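# sharing a sequence plus its predicted fold:
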Amino acid sequence: MRTRRALLSLLLLAFLAGAAAHSAHPLSPAAGRLAAYLRLDTTNPPGNEGLAAAYLAGELVRGGIVAERHVSPEGRVSLVARLPANAAPRGGAIALLHHMDVVPAGEGWSVAPFAGEVRDGMLWGRGALDCKSLGLAHLEALLELARSGAPRHRDLLFVAVADEEAGGLQGAAWLWEAHPELFAGVDLVLNEGGANRAVLGRSLFWGIEVAQKRPLWLEVIARGRPGHAAGIQLGSAVHRLVAGLARLVERPPVWKIDPAARAYLAAVGRLDPNLGRLEADLEAVIAPEGPRRAIPPGLPSLFLDSLQVTVLAAGEKQNSIPAEARALVDIRLLPSTDTEVYLAEVKAALGPDLETRVLLAAPPSAPTPASGPLWDRLVAELRDEAPVVPVFLAGVTDSRYFRERGVAAFGFSPFFVEAEPMRGVHGPDERIPLAAFDRGVERMKRVVRALVSAP
Ligand SMILES: [Zn+2]
């Protein structure tokens with residue numbers, strides 16, 4: 001009898017423990033969908049965005065919304081769905097944009113990067129922050145709005161694109177070329193690029209990206225006579241490439257005060273006295289040859305065109321001279337830098353022997369003004385939690401394809417995530433805290449509802 005009772009209570013304990021372990025991190029329906037999305041391997045290259053598009057289209061159809069697949073000539077799939085206004089129109093459409101592709105997982109993960117695993121109250125996987133969580137928040141906002149029947153004075157677009165991580169040529173750029181009608185009348189795009197700051201559980205500010213750098217991606221090619229490595233060949237392809245690249249990377253950087261950097265420092269300086277002092281003193285501190293006093297880490301990229309040689313390729317055998325050597329160079333230009341002038345300087349440094357091919361370039365585009373009715377509406381939804389700061393981003397996103405054509409774009413993330421998990425973006429152990437994700441999804445619903453009902 002006693003043994004039986006003991007056994008029963010043991011079983012009960014085991015059951016409770018199991019239930020507790022399980023309920024410690026119960027997944028919300030949205031988080032469950034994010035886990036499923038993370039399990040679709042959309043590593044770019046090759047992208048395989050068709051997998052993700054099929055999944056998202058299925059979720060949309062379940063909510064009564066038909067999405068259209070658009071396939072680029074190289075077979076890359078993007079997805080667009082439209083929820084039309086159901087009340088008197090008060091303006092153009094709002095587009096919710098995210099990219100379905102992710103960068104390769106790389107080494108150093110403590111979980112399988114495409115398992116959608118929950119551990120320590122977080123959902124782990126490549127894309128958890130960049131940017132499948134954002135896409136899921138967009139999806140939830142659209143589905144809820146469709147369900148609720150709340151008045152919508154604007155069309156709402158859900159746009160999931162391919163290929164952002166490789167520059168967007170088969171995604172956003174191609175969609176604009178092949179189907180500009182999709183974006184006719186769009187007043188505002190909400191996209192990735194938001195840079196919110198949270199420290200020790202405190203939300204410091206919402207960073208809404210309004211300006212960014214422009215990519216200039218180059219391939220540099222050297223050619224020479226192939227042969228046996230024992231021969232004397234000072235001007236081999238590899239030697240010429242290495243010498244040219246050395247001249248390129250040894251040029252002293254030129255520091256510049258871009259209007260976008262100044263505007264950002266003025267805005268964030270109101271919250272951070274250090275940055276406020278820097279902004280007040282900018283001409284004195286930032287000289288062309290470098291800052292005259294130490295500036296906070298992270299800021300130099302806002303004053304410099306960045307140049308990184310990222311890929312080198314030549315030869316297969318130690319004792320043969322290859323006929324060709326190549327390098328890939330990733331350059332990010334400040335908004336005010338002239339692409340042609342910069343490119344001419346690069347070519348001059350590389351020298352006449354080397355061929356330079358432009359793989360990706362972007363025309364200049366004006367920042368989106370941090371003002372106007374839609375900005376005000378966004379700020380009104382967010383400011384109770386933290387102040388809102390318009391941000392100049394050192395990276396690049398698909399927003400440039402919209403800004404180039406005069407369409408306003410805000411980089412807005414609804415999530416507050418602290419610095420440690422944020423290190424997973426493009427690195428190992430990318431993950432999003434479930435609580436931050438669920439709160440962010442609710443915020444996105446609120447923000448989108450407010451924007452489509454805005455006067
Ligand atoms: Zn991204």
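Sure, I can see it. Residues are numbered from 1 along each chain as shown.

# going forward, measure contacts and count neighbours with C-alpha atoms only.
Fine.

# who touches the nearest residue to I331 once chain neighbours are set aside in this structure?
Using Cα to Cα, 6 or more residues apart in numbering and skipping the chain neighbours, the partner closest in space to I331 is L307 (4.4 Å). Applying Cα atoms under 8 Å, 6 or more residues apart in numbering to L307 gives the contacts 249, 329-332.

# and the strand or helix carrying L307, C-alpha only, in PDB?
Taking DSSP states H and E as the definition, L307 sits inside strand 306-314. What follows is strand 306-314, C-alpha atoms only, in PDB (Å, rounded to 0.1, in the frame of the first residue of the first chain):
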ATOM      1  CA  SER A 306      34.500  51.500 -45.300                       C
ATOM      2  CA  LEU A 307      36.600  49.200 -47.500                       C
ATOM      3  CA  GLN A 308      37.200  45.500 -46.800                       C
ATOM      4  CA  VAL A 309      38.900  42.900 -48.900                       C
ATOM      5  CA  THR A 310      36.800  39.900 -48.000                       C
ATOM      6  CA  VAL A 311      37.600  37.100 -50.500                       C
ATOM      7  CA  LEU A 312      40.900  36.100 -52.200                       C
ATOM      8  CA  ALA A 313      41.000  33.400 -54.800                       C
ATOM      9  CA  ALA A 314      43.900  32.100 -56.800                       C
END
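
# sheet-wise, list the partners of that strand with their directions.
strand 324-333 (antiparallel) (DSSP bridges).

# what mean pLDDT does the partner strand get?
Strand 324-333 carries an average pLDDT of 98.

# please name the nearest non-neighbouring residue to G290.
Among residues not flanking G290 along the chain, W255 sits closest, at 5.8 Å (Cα to Cα, 6+ apart).

# could you report the neighbour count for the one you found?
Other residues lying near W255 total 18 when counted by other Cα atoms under 10 Å.

# if we can go back for a sec, output the contacting helices and strands for the next helix or strand after the strand holding L307.
With elements assigned by DSSP H and E, the helix or strand that comes after strand 306-314 is strand 320-321. Helices and strands touching strand 320-321, as assessed by 3 or more Cα pairs under 8 Å, 6 or more residues apart in numbering; DSSP states H and E, comprise strand 227-228.

# now do the buried residues in the following helix or strand past the strand it packs on.
Sequence order places helix 237-249 as the next helix or strand after strand 227-228, per DSSP H and E. Within helix 237-249, the residues scored as buried using 16 or more other Cα atoms under 10 Å are 237-242, 244-245, 248.

# with those residues in mind, which one is nearest to K213?
Relative to K213, the closest of the buried residues of helix 237-249 is L248; by Cα to Cα it sits at 20.3 Å.

# the closest residue to that closest one other than its chain neighbours: what's it in contact with?
Of all residues not flanking L248 in the chain, A349 sits nearest, at 5.2 Å (Cα to Cα, 6+ apart). Neighbouring residues of A349 by Cα under 8 Å, 6+ apart: 244, 247-248.

# and these as CSV, adding pLDDT and distance to V311?
Output for these, formatted as CSV (pLDDT from 0 to 100; distance: Cα to Cα, whole Å):
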residue, pLDDT, distance to V311
G244, 98, 15
R247, 98, 17
L248, 98, 15
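
# reformat these as TSV; add distance to G63.
Putting those into TSV (distance: Cα to Cα, whole Å) gives the following:
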residue	distance to G63
G244	57
R247	58
L248	54
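
# which one of those residues sits closest to L136?
So of the contacts of A349, ranked by how close each gets to L136 (Cα to Cα), first place is L248, at 42.3 Å.

# tell me if I'm right that the closest one and V346 touch.
Yes: here L248 reaches V346: they are 6.6 Å apart, a contact under Cα atoms under 8 Å.

# now do the helix or strand containing F392: distance to the chain's middle.
Following DSSP H and E, one finds F392 within strand 388-393. Averaging C-alpha positions (Cα atoms, centre = their mean, to the nearest Å) puts strand 388-393 15 Å from its chain's average.

# good, wrapping up.
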